[in-house]
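>>> Give the three-dimensional model of this entry:
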Amino acid sequence: MTAAENVCYTLINVPMDSEPPSEISLKNDLEKGDVKSKTEALKKVIIMILNGEKLPGLLMTIIRFVLPLQDHTIKKLLLVFWEIVPKTTPDGRLLHEMILVCDAYRKDLQHPNEFIRGSTLRFLCKLKEAELLEPLMPAIRACLEHRHSYVRRNAVLAIYTIYRNFEHLIPDAPELIHDFLVNEKDASCKRNAFMMLIHADQDRALDYLSTCIDQVQTFGDILQLVIVELIYKVCHANPSERARFIRCIYNLLQSSSPAVKYEAAGTLVTLSSAPTAIKAAAQCYIDLIIKESDNNVKLIVLDRLVELKEHPAHERVLQDLVMDILRVLSTPDLEVRKKTLQLALDLVSSRNVEELVIVLKKEVIKTNNVSEHEDTDKYRQLLVRTLHSCSVRFPDMAANVIPVLMEFLSDSNEAAAADVLEFVREAIQRFDNLRMLIVEKMLEVFHAIKSVKIYRGALWILGEYCSTKEDIQSVMTEVRRSLGEIPIVESEIKKEAGELKPEEEITVGPVQKLVTEMGTYATQSALSSSRPTKKEEERPPLRGFLLDGDFFVAASLATTLTKIALRYVALVQEKKKQNSFVAEAMLLMATILHLGKSSLPKKPITDDDVDRISLCLKVLSECSPLMNDIFNKECRQSLSHMLSAKLEEEKLSQKKESEKRNVTVQPDDPISFMQLTAKNEMNCKEDQFQLSLLAAMGNTQRKEAADPLASKLNKVTQLTGFSDPVYAEAYVHVNQYDIVLDVLVVNQTSDTLQNCTLELATLGDLKLVEKPSPLTLAPHDFANIKANVKVASTENGIIFGNIVYDVSGAASDRNCVVLSDIHIDIMDYIQPASCTDAEFRQMWAEFEWENKVTVNTNIIDLNDYLQHILKSTNMKCLTPEKALSGYCGFMAANLYARSIFGEDALANVSIEKPIQQGPEAPVTGHIRIRAKSQGMALSLGDKINLSQKKTSI
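Below you'll find the predicted structure:
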């Protein structure tokens, strides 16, 4: 029996705090109470039976006093009661009382109320006793002709389950249902009847479909879904039928139901790989994404498009649809936009890059006009990165993109501006023909830059790439404009003498204190501090940064001035002009040094910045050829090396991706011709419907690794000792948010153990879904008990408990065997992920929980230790391989992972090899873990501590 055919039984939530009532009080309520008290008593009986109580004395009471009642609630509860109550004697024969129950249900099947008839028919689907069903068959058949569709559709389901379980009771069911289907008008009844024919008699289902294949579009969506399933199954089993049904699938792509369109598109892709079919399916997917409002639906359908793209033959078809895919960007959700941009970037080619860039430029401009939303900045960042990637891959596009993006250097959002700056830096280095344009645009926006970090980057670019006399003069003009009146100290003292007010003095104090608490001189605190007075707001930008105590930008400015001054000396022959320019540059540096040493800035200048500015002054005063080379040539070479290394790394990763996707066929591989393939060989392709159902139920058939340690046995936990009266062991099966404990319980005694119950409790973010039912174990017998646990977050969870039982015939109290704890491994929830360096640093600064783990291992090689940590924690190393290659006795690497619950985990590995202790000395150092939640940081730390040492097998 397939997974689709398993019966779903009624589950009832049991209140744990209520005291179980006595059998006598229940009997009294059921006999003499009114309808309300009988209803409550019946509920209690159901809960007690679910908890393992037998209550045989109440069976006849319920038949006599409750069964004849006509109350609908009681009738519904009775259906649940008859479903769970034991219906046979211990030797397997049907209880005599069941004949009375059977007669009552025969009457209910002829009841004038359609709800009672329909719910009784639903209940009959769950019965497993042929003797009970046999007398009811004529009444069930009669229900197929009832006036109400609720009764008819449940009658079809009842006939289907009875035919599947006990074919001899209704051997003509397929013929009966086929005739019913031909004459039926209601959509839900037709759907149930058609579904039965698919599973019971596929030929009859095909006969019916072939008679009405042209009317399929007019059917209801529930029937259309079942038709799609039938066509898939038929063509999967017999590919020669494809031509017969493919037109029908094409028609269903135009269905008004999104679910039908989605299933039809998925089926079309599996049935045909022709470009027209792929295009129609992809177009259908895109329409679904745009029209559906639910973001989860959008993400699922986008995944289908990504899967289509993975096939090399389909990629070219999708490239023609890039502009349609970009329509999805109208969705405000950031995740959907992120996935869409990534897909568009993967599909971009020289044919469509121009159109793509035009759309992305429009989107970037749109983000500037919308009211500030928390995701607008992130979306702008995504767009900038996508345009960056397009320009690197297609250099012709860079000239169109750069002017638009450079407007965003003055953006208040530093992250987006930093991405633009990174792009501009790479473009100006790679594309010589664009240098003039970039420098000109940079000078235009320079005065409007608000962030000190962006200001530093812009200064560096101007200092590095200004090569003409006019540009150098323009840079000096912009710097003077940004610095304001000089000397700074004197002009500031004059201003304060004339304008200082008492309240202004008060506001400076707390701002200065805040900056000191937040950290070093290079932090963003100076830029984000509010400027309390009108006078301060009117300061030029660079002067404002310096007075706020950020002198790191001054060191950057000194380097830029030195570069342009040295270049100016080389370009201009007149000594007077040379000396004048160099003197101006030196004056600016000197006035900044003077300001740093005075008491005017909120923080004094650091020694590092003093050294840097002093060095620049010395270089300008001497103008030696060696220093000229270092400042004007080697600096640019370093950037060139870094960019080429980055490009090489990207190409390598792309090559790996393409190798994964390209299906290599060996010269001696056999060729399979579909027409010559035997039917039993066609099953090599998996049934998608069955696979998706198994995945939803958590029964995915994973291919076990060749290594026996990686098999199921590795996940078996022994819960009791071999000498205990009850032996127990559990297989822990983790399926995303659910954990299923499959516990094997063995009775090792010669006694019968009654009411043997597995009692479990959890610690951490785990929740037990249902209480396992009690068992009776014969001497030396065994049984399997399943328990479901829900997981809410990535935290080390512990499941503990005991097994309690009664010994048959013994007068003593209940016996108890305490179980060993089951520790849930968090590695089942952690997956490797990647992020940019900037994102890593931002998260590192934001996350408040840190766990520092001291390295304590027997591994003697640094790289081996890093690989061991990556393997045991499921984390990904963000530090490029080139940075880790070579050997210097020290290694630092950044690691990143994300849990299935969306929690981020960062780690920084700093390890060294103590050379003084000899070549066999183990690795030493620290691993710092940072996470948003305490549980994640502690759990990862525990995992690293447990698995640091390599065990020799």
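>>> show me the residues around the nearest residue to residue 325 once chain neighbours are set aside that make contact.
Spatial nearest neighbour of residue 325, chain neighbours left out: residue 344 (5.6 Å); criterion: CB to CB, 6 or more residues apart in numbering. The way it works is simple: take the backbone N, C-alpha and C, and place the C-beta from them, glycine included. Taking CB atoms under 8 Å, 6 or more residues apart in numbering, we find residue 344 in contact with 322, 325-326, 356, 386.
>>> From these, pick the one nearest residue 415.
Nearest to residue 415, judged by CB to CB, of the contacts of residue 344 is residue 386 at 15.0 Å.
>>> And the helices in the stretch 351-500 of the chain?
With helices called from DSSP state H, counting those that start in this stretch, the stretch 351-500 of the chain shows them at 353-369, 376-393, 398-406, 414-430, 435-445, 452-465, 469-483, 488-499.
>>> now the angle from the third one to helix 376-393?
The reference is to helix 398-406. 160 degrees (axes from the mean of the first three to the mean of the last three CA atoms, to 10 degrees).
>>> residues near residue 754, how many?
Residue 754 has 17 neighbours, counted by other CB atoms under 10 Å.
>>> do residue 734 as well
17.
>>> which residues does it bridge with?
Beta bridges link residue 734 to residue 739, judged by DSSP bridges.
>>> could you measure it against residue 903, distance?
17 Å (CB to CB, to the nearest Å).
>>> So, low pLDDT: which residues of the stretch 501-650 of the chain?
Within the stretch 501-650 of the chain, the stretches with pLDDT under 70 are 501-538, 628-629, 632, 636, 650.
>>> So the protein: which segments form each domain?
348-448, 449-494+540-637, 713-824, 828-947 (the TED database).
>>> Among the ones you listed, which comes closest to residue 150?
Per CB to CB, nearest to residue 150 of the domains of the chain: domain 713-824, 30.2 Å.
>>> In JSON lines, list the helices of the stretch 351-500 of the chain along with mean neighbour count and distance to residue 272.
Shown next, in JSON lines, are the helices of the stretch 351-500 of the chain (neighbours: other CB atoms under 10 Å; distance: least, CB to CB, whole Å):
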{"stretch": "helix 353-369", "mean neighbour count": "16", "distance to residue 272": "28"}
{"stretch": "helix 376-393", "mean neighbour count": "21", "distance to residue 272": "32"}
{"stretch": "helix 398-406", "mean neighbour count": "20", "distance to residue 272": "39"}
{"stretch": "helix 414-430", "mean neighbour count": "21", "distance to residue 272": "42"}
{"stretch": "helix 435-445", "mean neighbour count": "18", "distance to residue 272": "49"}
{"stretch": "helix 452-465", "mean neighbour count": "22", "distance to residue 272": "52"}
{"stretch": "helix 469-483", "mean neighbour count": "17", "distance to residue 272": "60"}
{"stretch": "helix 488-499", "mean neighbour count": "13", "distance to residue 272": "74"}
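>>> can you put the ones you listed in JSON lines and add mean pLDDT and distance to residue 149?
Converted to JSON lines, the helices of the stretch 351-500 of the chain look like this (pLDDT from 0 to 100; distance: least, CB to CB, whole Å):
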{"stretch": "helix 353-369", "mean pLDDT": "80", "distance to residue 149": "49"}
{"stretch": "helix 376-393", "mean pLDDT": "81", "distance to residue 149": "49"}
{"stretch": "helix 398-406", "mean pLDDT": "78", "distance to residue 149": "60"}
{"stretch": "helix 414-430", "mean pLDDT": "79", "distance to residue 149": "58"}
{"stretch": "helix 435-445", "mean pLDDT": "83", "distance to residue 149": "69"}
{"stretch": "helix 452-465", "mean pLDDT": "84", "distance to residue 149": "68"}
{"stretch": "helix 469-483", "mean pLDDT": "83", "distance to residue 149": "79"}
{"stretch": "helix 488-499", "mean pLDDT": "71", "distance to residue 149": "86"}
